[in-house]
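Trainee: Here is a sequence with its predicted model. Questions after.
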Number of protein chains: 2
Amino acid sequence: MRLSSMLFATLREDPAEAEIKSHKLLLRAGYIRRIGSGVYSYLPLMWRVLQKVSQIVREEMNATGAQECLLPQMQPADLWQESGRWDTYTKAEGIMFSLTDRQNRQLALGPTHEEVITAIARDMIKSYRQLPVHLYQIQTKFRDEIRPRFGLMRGREFIMKDGYSFHTSPECLKNTYNDMDQAYKNIFTRCGLSFRPVEADSGAIGGSGSQEFMVLAEAGEDEILYTEDGLYSANVEKAVSLPADKVASPFTSYEKKATPNTETIEKVCQFLGCSATNIVKNVLYQAVYDSGKIVLVLIHIRGDQDVNEVKLTNELVKLASNYNANTVLSLTVPDENAQQKWAEKPLPLGYIAPDLSDDYIAQNKEVAGEFLRLADETVVNLENFVTGSNETGYHVVGANWGQQFTLPKLTVDVRKAKVGDRALHNQEQTLQTARGIEVGHIFQLGTKYSQAMGATYTAEDGTEKPFVMGCYGIGVSRLAQSAVEQSHDKDGIIWPVAIAPYHAIVVIPNITDEQQVKVAEEIYHNLNQAGVETLLDDRDERAGVKFKDADLIGIPYRIVTGRSLKDGKVELVERSTKNSQDIPVEEIVKIVSEMINNNS
Amino acid sequence: MRLSSMLFATLREDPAEAEIKSHKLLLRAGYIRRIGSGVYSYLPLMWRVLQKVSQIVREEMNATGAQECLLPQMQPADLWQESGRWDTYTKAEGIMFSLTDRQNRQLALGPTHEEVITAIARDMIKSYRQLPVHLYQIQTKFRDEIRPRFGLMRGREFIMKDGYSFHTSPECLKNTYNDMDQAYKNIFTRCGLSFRPVEADSGAIGGSGSQEFMVLAEAGEDEILYTEDGLYSANVEKAVSLPADKVASPFTSYEKKATPNTETIEKVCQFLGCSATNIVKNVLYQAVYDSGKIVLVLIHIRGDQDVNEVKLTNELVKLASNYNANTVLSLTVPDENAQQKWAEKPLPLGYIAPDLSDDYIAQNKEVAGEFLRLADETVVNLENFVTGSNETGYHVVGANWGQQFTLPKLTVDVRKAKVGDRALHNQEQTLQTARGIEVGHIFQLGTKYSQAMGATYTAEDGTEKPFVMGCYGIGVSRLAQSAVEQSHDKDGIIWPVAIAPYHAIVVIPNITDEQQVKVAEEIYHNLNQAGVETLLDDRDERAGVKFKDADLIGIPYRIVTGRSLKDGKVELVERSTKNSQDIPVEEIVKIVSEMINNNS
């Protein structure tokens, strides 16, 4: 392709809309253009990258026996009502776009396709003899993100590969799940990415086990905890660990103490001269269930620990049937203003006691909803602890469960694992931290959707059984940007060869020089003939502009028909190293072809 | 691919939801499944067909220098407000889905992308030196159809190739337009379709000239008029012709006559003993402009002719500025009930006079809106004509313009051309009729969008000029179904080789016969190795079921490892002709490979 006839425009300055490097570079290099919040056009160079990524995905998926299809983006509401996810996905913080058609029927734009594929399996798969089956698609998806940002990293319209497998047993699912684990590693390796598989929370998708694939990058939105020995790695949302050891309490008798201006754990420790491990911290949450029920949840957790809200949500979902609900729509920390909606006297943040008095509950129950107390595992064995008194400026010390306070019946693990914690598998390993960009996620769904939607097959023994399902996703457009986030320098993008939009760019420094033009045209023609995807910069621009643009757009090899032409040579520059060498004109095609083949 | 591990299910009976043959066959053969009104899943066999069509489109587009990209499906309302199409596309009979996001911003799901691409060009193309440029995409589009039907023929979610070109001059546009004409012919020919290019109306897309490509099929929704000499062919919406000659009027003097029960032209002719060419027919329309203005339009047209509402709409759009409007949102014929909304005394349908009395206008203007009379060219030279009297049961005869009635100032051509009319280019040619499925449409848009959206470039002379634009569409999913509509028999689909999901299917009649299995597996392996895309029917099913399924899904070549195996031969059946021959096992791969190469 000739740059002179491409839609090609680069920017010298970083655009104001972009925060992270990869987003800036893709905009500056003319790969993408923003059309609306979280919505981008993929211009010709970007589209070539996306097609290459898609082709790698397709090849690795097909190699496992998965079959490609294309499911509708527009999905009728009733399918989502069958699975019970309509409310979760459209109400409260729901991320699904919905609309009504001219007949006033409700539709959604699919962020995911469990419902559609389960309906198809229900219709088409009647017998165990048709199983297992694995279908996938590469498709534009939609999410009404609260904060679209970072370009293609968190967009409202983005490209995903999503696949769904159907099985007769968890063992058969596990085989496909393992195949996907391997296929995903192959894909990310072939795309030239540095990545790490991590244990993950299954979130709103559900199911029994799941694993994420993280591209490692400082700008990643996810925190990963891992051990040096390589045996443990998890998303912080899911990570487990041993907490630090507790320190013996300096208090021996129960007493209420004035502790002015000690709203934080740090200030309490300082004021009372104790360790954070001596403190029972009490955190108030407000959970809204999909049944409309509002529940005030008071969590007790050791002072040096924080609540992992993903784990907490999972615990609250387990209790959903107590509230005639299926799921939790939102979880927030109500400040004193928010509390005033139901309580005349709000609980004082920073000084909440591990108790809700009968009076408080009786006074507030009608307006505030249900009350629930949960103890994190870290507080169960604390003795002579420090905690709040429900009175601003006062704490109690030397408190004990079963004496001044009752330990809640429900003990849970809602603690956030953190850097420095000891690993469960080996206490000599401590957790390290890294940041990552989630580009893949595989799930063992089990029968969650098939059971909800009545999707069954006739088993070998003649009984009707629900399908055992798995699902597997890759963020194709996000992956492409994550490659840039991982691989760039001050001058621009450095594409891995396998997903570069073109392999080589032939630059004519001076298009009025007939010899330069003639040699460049020949090399351009011959490289393309040899299967090297090549650009020709034949624009009427200064050489400096052309070199800058070639660096910016990140094509792996640049060939310049410049000064060395007088010796029968052209300059070959490798983008990643900036190494430059002069190569005889008659050898350039062979050498570049070999370099491409060795690198892709 | 093995049928035993594919998502594969055929139906013996025609599904109730399908009306036309191709729709029934695609459902029965397991190519598609309906998810909602006008919304289908493309299952693995269908997706392969669509990928093959897309690849042919891509190759022919790239060969012209067009560049592939992908534009957003979700489009901000303000872009459509800039072009002035938001109301046309979302209100009244508008076919664009719209929705609001969590910030209450209005968005639309793109049925077409003139606005988005014009915004990108405005941003990126600054100079004439960057022109011409042609971008295209292959993408799922959305239309909220009033009557989704016929499967993929008129869906609400469907796949299109749409391209947009930018030029400095109409001449340059014309070159690309001609290239597209040729590329489209190449595409449809390579897909194995019998098609016809026809002159077309540009509709809501606008612009100065356009051409459609029709796949010929009885079930087509479009009527084509053409001449035997091949020199003229047009969509009936656009077609022009000479009307039949008029007959001299049998009436010589003006008279009002009782004509009871003569609401139709035929009854009037019969009752009065005259020709339909003696009659001035008066048709009342109600047009709603996007400014909200309602206009009652009375058309006078010769009795043997009908109004072409597409042509009439185009004439009314030309008058839009008279009503502070840009376009017409709807055009309907108000019956007497509808007229009663504004008129105490409705105009009697079937007896309307070629006049609107001052009294009538004065009485009704306030409620009914504006009034407008238009004369079709066919009435201008009529003498002593018959026409309505505005009184039920009475006509007048022997009337003349300038005597009893005034000819409107505006004379237009809004006549529907019809079969049997004489062609304009050669009066000895009469128009023939055929039905077609529109699979492609190319437009010379001119500056309609660039002017509305202020999309300009700096011309060679230093002035800012609006881009001259073209746009070019192919209905990819519709094309695939139209191939089935054109090519099937009582047993199923007969795919053209170039777009068949697989080239060949190897059928094992009896999977308990080890020899049959062994030979079939070898042939299956070797065909795939030779690049022949092959299915293996290794299911545990009766031979009859397998043969029926192979016919139904329409794979071009079937290889059966059956009875002739004892002679070292396999049966080769050509799907299109049902011709069968026994081929030595060692020759089958070579022979089938040759057949594929000769046919694709």
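Mentor: Structure received. From a predicted model like this one, the values you see are computed outputs, not experimental measurements.

Trainee: can you pull out the helices in the stretch 1-150 of chain A?
Mentor: A:21-28, A:44-63, A:77-83, A:86-90, A:114-124 (DSSP state H, counting those that start in this stretch).

Trainee: want to try TSV for these, with mean pLDDT and mean neighbour count as columns?
Mentor: For every residue, glycine as well, the C-beta is placed using N, CA and C. Formatted as TSV, those follow (pLDDT from 0 to 100; neighbours: other Cβ atoms under 10 Å in any protein chain shown):
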stretch	mean pLDDT	mean neighbour count
helix A:21-28	97	22
helix A:44-63	98	21
helix A:77-83	95	18
helix A:86-90	87	20
helix A:114-124	97	23
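
Trainee: Now the closest residue to chain B within the stretch 501-600 of chain A: closest residue in space that isn't a chain neighbour?
Mentor: Nearest residue of the stretch 501-600 of chain A to chain B (Cβ to the nearest Cβ) works out as A:D540 at 6.7 Å. Leaving aside its sequence neighbours, A:D540 sits nearest to A:I511 (Cβ to Cβ, 6 or more residues apart in numbering or on different chains; 5.8 Å).

Trainee: Quick one: residues contacting that neighbour.
Mentor: Applying Cβ atoms under 8 Å, 6 or more residues apart in numbering or on different chains to A:I511 gives the contacts A:V517, A:D538, A:R539, A:D540.

Trainee: Which of these are buried? Put it as a ChimeraX command.
Mentor: This is the ChimeraX syntax for the buried subset of the contacts of A:I511, where burial follows 16 or more other Cβ atoms under 10 Å in any protein chain shown:
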select /A:517,538,539
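
Trainee: Just the contacts of A:I511: which are in helices?
Mentor: Counting by DSSP state H, these place A:V517 in helices.

Trainee: The contacts of A:I511 into a markdown table, with extra columns for distance to B:D413 and pLDDT?
Mentor: As requested, the contacts of A:I511 are exported to a markdown table (distance: Cβ to Cβ, whole Å; pLDDT from 0 to 100):
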| residue | distance to B:D413 | pLDDT |
| --- | --- | --- |
| A:V517 | 54 | 97 |
| A:D538 | 49 | 95 |
| A:R539 | 49 | 94 |
| A:D540 | 49 | 92 |
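
Trainee: now, among the contacts of A:I511, which is nearest to B:V507?
Mentor: A:D538 (54.7 Å; Cβ to Cβ).

Trainee: Need phi/psi at the closest one.
Mentor: phi -110, psi 20 (degrees, to the nearest 10).

Trainee: How many neighbouring residues does whatever residue of the stretch 251-400 of chain A ends up closest to chain B have?
Mentor: Nearest residue of the stretch 251-400 of chain A to chain B: A:S330, at 13.5 Å (Cβ to the nearest Cβ). Using other Cβ atoms under 10 Å in any protein chain shown, A:S330 has 14 neighbouring residues.

Trainee: right, and the helix or strand after the regular element (helix or strand) spanning it?
Mentor: Taking DSSP states H and E as the definition, A:S330 sits inside strand A:328-332. Later in the chain than strand A:328-332, the nearest helix or strand by DSSP H and E is helix A:336-339.

Trainee: Which positions in that next one come out as buried?
Mentor: A:Q339.

Trainee: For it, what is the distance to the chain centroid?
Mentor: Taking Cα atoms, centre = their mean, to the nearest Å, the mean C-alpha location of helix A:336-339 is offset from the chain mean by 32 Å.

Trainee: Give me the residues contacting that helix.
Mentor: A:L284, A:Q286, A:T332, A:P346, A:L347, A:P348, A:L349.

Trainee: In three-state terms, label the fourth one for me.
Mentor: Right, A:P346. What DSSP: H, G, I helix; E, B strand; the rest coil gives for A:P346 is coil.

Trainee: close enough to count as contact, A:T378 and A:I301?
Mentor: Yes: A:T378 is within contact range of A:I301, at 5.9 Å (criterion: Cβ atoms under 8 Å).

Trainee: Now the common contact residues for those two.
Mentor: With Cβ under 8 Å, 6+ apart, A:T378 and A:I301 have common neighbours A:R415.

Trainee: if I pick the residue of the stretch 151-300 of chain A found nearest chain B, what's in contact with it?
Mentor: At 5.1 Å from chain B, A:E157 is the closest residue in the stretch 151-300 of chain A, using Cβ to the nearest Cβ. Shown in contact with A:E157 (Cβ under 8 Å, 6+ apart): A:G38, A:V39, A:Y40, A:T140, A:K141, A:F142, B:P72, B:Q73, B:M74.

Trainee: Sort out which residues of stretch A:450-462 are buried, please.
Mentor: Those would be A:S450, A:Q451, A:A452, A:M453, A:A455, A:T456, A:Y457, for stretch A:450-462 by 16+ other Cβ under 10 Å.

Trainee: Would it be right to say that the last one lies in a helix?
Mentor: When you say that, I think you mean A:Y457. No: under three-state DSSP, A:Y457 sits outside any helix and is assigned strand.

Trainee: pretty sure the residue of the stretch 251-400 of chain A closest to chain B contacts A:D290?
Mentor: No: if you go by Cβ under 8 Å, A:S330 and A:D290 don't touch, sitting 10.0 Å apart.

Trainee: all strands for the stretch 51-200 of chain A, in order.
Mentor: A:67-68, A:74-76, A:98-100, A:106-109, A:133-142, A:157-167, A:195-199 (DSSP state E, counting those that start in this stretch).

Trainee: Can you give me the end-to-end span of stretch A:229-241?
Mentor: 15 Å (Cα to Cα, to the nearest Å).

Trainee: list the buried ones in that stretch?
Mentor: Buried residues in stretch A:229-241 (16+ other Cβ under 10 Å): A:Y232, A:S233, A:A234, A:N235, A:V236, A:E237, A:K238, A:A239, A:V240, A:S241.

Trainee: what does stretch A:486-503 give?
Mentor: A:486-488, A:492-503.

Trainee: Then stretch A:542-552?
Mentor: A:A543, A:K546, A:F547, A:K548, A:D549, A:A550, A:D551, A:L552.

Trainee: is it possible to export those to JSON lines including pLDDT?
Mentor: Shown next, in JSON lines, are the buried residues of stretch A:542-552 (pLDDT from 0 to 100):
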{"residue": "A:A543", "pLDDT": "96"}
{"residue": "A:K546", "pLDDT": "97"}
{"residue": "A:F547", "pLDDT": "97"}
{"residue": "A:K548", "pLDDT": "97"}
{"residue": "A:D549", "pLDDT": "97"}
{"residue": "A:A550", "pLDDT": "97"}
{"residue": "A:D551", "pLDDT": "97"}
{"residue": "A:L552", "pLDDT": "98"}
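
Trainee: if we take those residues, which one ends up nearest to B:F213?
Mentor: Nearest member of these to B:F213, counting by Cβ to Cβ, is A:D549, at 39.0 Å.

Trainee: That closest one and A:A543: what is the separation?
Mentor: Note on A:D549: its distance to A:A543, by Cβ to Cβ, to the nearest Å, is 11 Å.

Trainee: likewise A:I583?
Mentor: 19 Å.

Trainee: which residues sit in contact with the residue in the stretch 351-500 of chain A positioned nearest to chain B?
Mentor: Closest to chain B within the stretch 351-500 of chain A is A:S477: 9.4 Å, counting by Cβ to the nearest Cβ. Taking Cβ under 8 Å, 6+ apart, we find A:S477 in contact with A:Y42, A:L50, A:L152, A:G155, A:F158, A:I159.

Trainee: can you count the residues close to the third one?
Mentor: Other residues near A:L152 come to 27 when the count uses other Cβ under 10 Å.

Trainee: so it touches A:G38, yeah?
Mentor: No: counting by Cβ under 8 Å, no contact exists between A:L152 and A:G38, whose distance comes to 9.3 Å.

Trainee: hmm, back to that, check the buried residues of stretch A:486-503 against A:A258 and report the nearest one.
Mentor: Nearest member of the buried residues of stretch A:486-503 to A:A258, counting by Cβ to Cβ, is A:Q486, at 53.9 Å.

Trainee: Quick check: the closest one touching A:F188?
Mentor: No: using Cβ under 8 Å, A:Q486 is not in contact with A:F188, being 10.9 Å away.

Trainee: Thank you kindly, that will do.
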